[in-house]
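Student: After the sequence you'll find the predicted model.
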Amino acid sequence: MQIAGKGESHIHYAGGKLTYAKKEKAAKLVYNELEVPVAGECSLVLDDGTQVWVNADSRLRYPVQFVGEERKVFLEGEAYFVVAKESKPFVVSTSRGDIRVLGTTFNVKSYNSEPEMQATLVEGKVLVAQGQREMELVPGEQGTVSASGEMAKRAVDVDEFVGWRKGIYVFKKQPLEDIMRDLSRWY
């Protein structure tokens, strides 16, 4: 299915994936918003080639074309990113903080109904920022930002936090309440 854009691009949807093809360079930012319902998932390829898998009960606001000094998207919920290498930084903005990409592959979980935002790094490097404070993550680490703004970093089993992208759900030593909350988004 081909969806006509607002003059700046063509939007194509096939096999559960949205992709964009530029018509011409845009002069201003025009945003799309992808809302994935409970029990849903969607993947898309952004204008710069970045691949994004958006999990259930999530919203991603992103430009049709990236314009300016940074590539910025806005997330409420959970998404897995494989960021295309480019000279402009890639930023995922959530209600609790931003994730600034210095590398490529990571997961962000930031539901407003949960006590913290989590950024889990698979490959490369990212900075998790909350106001003026920042922490750098290396592969196998997770940075968290609580609703009160407290930041923490820990080593994690990455599969526990990114398996959902492949339909694998891993729960290790988690309270039943947390497991049921996550499962209620998928089923």
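Tutor: That came in fine, so what should we check first? Residues are numbered from 1 along each chain as shown.

Student: The helix or strand hosting W53: what's the following helix or strand?
Tutor: Here W53 sits within strand 51-54, counting by DSSP states H and E. Using DSSP H and E, the helix or strand that follows strand 51-54 towards the C-terminus is strand 58-63.

Student: and the angle from the following helix or strand past that next one to strand 58-63?
Tutor: Scanning forward in sequence from strand 58-63 by DSSP H and E, the next helix or strand is strand 71-82. Going by axes from the mean of the first three to the mean of the last three CA atoms, to 10 degrees, strand 71-82 is angled at 130 degrees with respect to strand 58-63.

Student: ok so, going back, can you tell me what sits against the strand holding W53?
Tutor: Strand 51-54 has contacts (CB atoms under 8 Å, 6 or more residues apart in numbering) with 34, 36, 41-46, 60, 62, 73, 77-82, 84, 165. For glycine as for every other residue, the C-beta is placed from the backbone atoms N, C-alpha and C.

Student: again with stretch 161-169
Tutor: Applying CB under 8 Å, 6+ apart, the external contacts of stretch 161-169 come out as 53, 55, 78, 80, 107, 109, 118, 120, 122, 142, 159, 170, 182-183, 186.

Student: again, 7 Å this time
Tutor: 53, 55, 80, 107, 118, 120, 122, 142, 170 (CB atoms under 7 Å, 6 or more residues apart in numbering).

Student: now the third one: how far from V92?
Tutor: When you say that, I think you mean Y80. As judged by CB to CB, to the nearest Å, Y80 and V92 stand 11 Å apart.

Student: who's more crowded, the two?
Tutor: Under the neighbour definition other CB atoms under 10 Å, Y80 and V92 were set side by side, and V92 has more, 27 against 22.

Student: Pop out the phi and psi values for the more buried one.
Tutor: With angles defined as degrees, to the nearest 10, V92 sits at phi -110, psi 120.

Student: which residues sit in contact with L44?
Tutor: Here L44 is in contact with 17-18, 34, 52 (criterion: CB under 7 Å, 6+ apart).

Student: Now compare these and name the two farthest from each other.
Tutor: Within the contacts of L44, K17 and L34 form the most distant pair, 11.6 Å apart (CB to CB).
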